[in-house]
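*Asks:* structure, please.
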Amino acid sequence: MKKTKTAGSEKRVNVTEKRLINCHAVDVNQLMPLKYKWAWEHYLNGCANHWMPNEVPMGKDIELWKSDKLSEDERRVIMRNLGFFSTAESLVGNNLVLAIFRHVTNPEARQFLLRQSFEEAIHTHAFLYIVESLALDQGEVFNMYNEINSIHDKDKFEMQITEDILKPGFTTSTQEGAQKFLENLIGYYIIMEGIFFYSGFAMILSFLRQNKMVGIGEQFQYILRDETVHLNFGIDLINGIKEENPGLWSAEFQAKTAEKIKHAVELEIKYAEDCLPRGILGLTAPMFRDYVQHIADRRLERIGMKALYKSKNPFPWMSETIDLGKEKNFFETRVTEYQSASSLSWS
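*Replies:* Here you go, the predicted structure:
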């Protein structure tokens, strides 16, 4: 315990009084003493992973994009992914700043949220950098969420989850409000960053494996690294809130969560079908049904729920890259050189 002074009196701050939400006993601005060391570790990991898009050379990408060596189907995959990610990262950032940060009452968790917000801005910057480098039609890319149904439906799904949290007077002090907040965390960390993003990573990294669009591929590796930390933080935050508020994690709430994840999986499968009307680079839309179901099961298990699909991973090379079962291994064993560097070196 640590002594602090308040307006002429002295009191001890008890670390056990800290809570992730609905904490009224400890000043939200008082970082020490730490209670949730996992939140601080995720923050430090984020800091160590710092990168900027303009550190990545795009010359080879520009040359290939201007050539006739990419098929129309390959270009479609790249454009659809740029269109989805360019707005999805903004949605995540807006949700962090406008919804999640307001209701998390723990300073070390908030410290990570501040770092994550900056990283989402970097990711949005990356897509702008790619679009400008390739001289793409900015309006076409950044307006796909309005014009392409498979992208629009995923974004709409996420925006509906945020809707209630943004209403004036929303509070997590009631069971209904706290469950709605938990639903928001699951919608963004488990579904958006943990499911929607990962199939896009598989598509773009398949180009990199064949030495195509290497600048975009390298930036997606950096983004994947950031997003894996975000996912792990989100899982810890969700599980921490569950532990502190066991009444929220009812059988009814879990059933509702499972239905949302099943709906999200179908949205992502439709998106894959839209991106891949015909096979490219060894990828086909049917393969993504198994892949999306596989990663959805992994996310469900991480928050203490049963797997729904039992599907096998059709992309073993993705498992080797990021180890879906234990995301932290991606940092501990796969990347041998990263921090503050302009290129990745893989073991």
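
*Asks:* show me what the helix or strand in which residue 198 is found is packed against.
*Replies:* Element membership for residue 198 (DSSP states H and E) is helix 197-209. Applying 3 or more CB pairs under 8 Å, 6 or more residues apart in numbering; DSSP states H and E, one finds that helix 197-209 contacts helix 72-95, helix 214-244, helix 251-275, helix 285-302, helix 316-322. Placement of C-beta: from N, CA and C, glycine included.

*Asks:* in the fourth one, which residues are buried?
*Replies:* In terms of neighbour count (16 or more other CB atoms under 10 Å), helix 285-302 has its buried residues at 285, 287-300, 302.

*Asks:* for it, what is the average pLDDT?
*Replies:* For helix 285-302, the mean per-residue pLDDT is 96.

*Asks:* repeat for the shortest one
*Replies:* Helix 316-322 shows an average pLDDT of 68 in the prediction.

*Asks:* related to what we said a few turns ago, ok, so of the buried residues of helix 285-302, who is nearest residue 235?
*Replies:* Residue 235 lies nearest to residue 302 out of the buried residues of helix 285-302, by CB to CB, at 4.9 Å.

*Asks:* hang on, isn't the closest one packed against residue 234?
*Replies:* No. The pair residue 302 and residue 234 does not pass the contact test of CB atoms under 8 Å, sitting 9.5 Å apart.

*Asks:* returning to what we had before: how about a markdown table for the helices and strands packed on helix 197-209, with distance to residue 135 added?
*Replies:* Formatted as a markdown table, these follow (distance: least, CB to CB, whole Å):
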| stretch | distance to residue 135 |
| --- | --- |
| helix 72-95 | 13 |
| helix 214-244 | 14 |
| helix 251-275 | 22 |
| helix 285-302 | 29 |
| helix 316-322 | 30 |
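
*Asks:* lowest-confidence stretch among the ones you listed?
*Replies:* Among those, helix 316-322 scores lowest, with a mean of 68.

*Asks:* show me what contacts residue 164?
*Replies:* The contact partners of residue 164, taken as CB atoms under 8 Å, 6 or more residues apart in numbering, are 170, 180.

*Asks:* what sits up against stretch 124-135?
*Replies:* Counting by CB under 8 Å, 6+ apart, 52-54, 58, 61-62, 65, 82, 85-86, 89-90, 93, 136, 138, 141-142, 215-216, 219, 222-223 sit against stretch 124-135.

*Asks:* list the buried residues for that stretch?
*Replies:* Buried residues in stretch 124-135 (16+ other CB under 10 Å): 124, 126-131, 133-134.

*Asks:* next, count neighbours for residue 153.
*Replies:* 15 (other CB atoms under 10 Å).

*Asks:* how about the helix or strand containing it as PDB, C-alpha atoms only?
*Replies:* Per DSSP H and E, residue 153 falls inside helix 149-163. Output of helix 149-163 as PDB, limited to C-alpha atoms (Å, rounded to 0.1, in the frame of the first residue of the first chain):
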ATOM      1  CA  ASN A 149     -22.100  -4.700 -49.300                       C
ATOM      2  CA  SER A 150     -19.700  -7.200 -47.700                       C
ATOM      3  CA  ILE A 151     -17.700  -4.400 -46.100                       C
ATOM      4  CA  HIS A 152     -20.700  -2.300 -45.200                       C
ATOM      5  CA  ASP A 153     -22.400  -5.200 -43.400                       C
ATOM      6  CA  LYS A 154     -19.300  -5.800 -41.200                       C
ATOM      7  CA  ASP A 155     -18.900  -2.100 -40.400                       C
ATOM      8  CA  LYS A 156     -22.700  -1.800 -39.600                       C
ATOM      9  CA  PHE A 157     -22.500  -4.800 -37.300                       C
ATOM     10  CA  GLU A 158     -19.700  -3.100 -35.300                       C
ATOM     11  CA  MET A 159     -21.400   0.400 -35.300                       C
ATOM     12  CA  GLN A 160     -24.600  -1.100 -33.900                       C
ATOM     13  CA  ILE A 161     -22.600  -2.600 -31.000                       C
ATOM     14  CA  THR A 162     -21.200   0.900 -30.100                       C
ATOM     15  CA  GLU A 163     -24.600   2.700 -30.500                       C
END
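
*Asks:* show the pLDDT at the spatially closest residue to residue 177 that is not a sequence neighbour.
*Replies:* Take residue 177 and drop its neighbours on the chain: the residue closest to it by CB to CB, 6 or more residues apart in numbering is residue 171, 5.0 Å away. Looking at residue 171, its pLDDT stands at 95.

*Asks:* same check on residue 132?
*Replies:* 97.

*Asks:* how close does it get to residue 125?
*Replies:* 10 Å (CB to CB, to the nearest Å).

*Asks:* again with residue 296
*Replies:* For residue 296 relative to residue 125 (CB to CB), the value is 29 Å.
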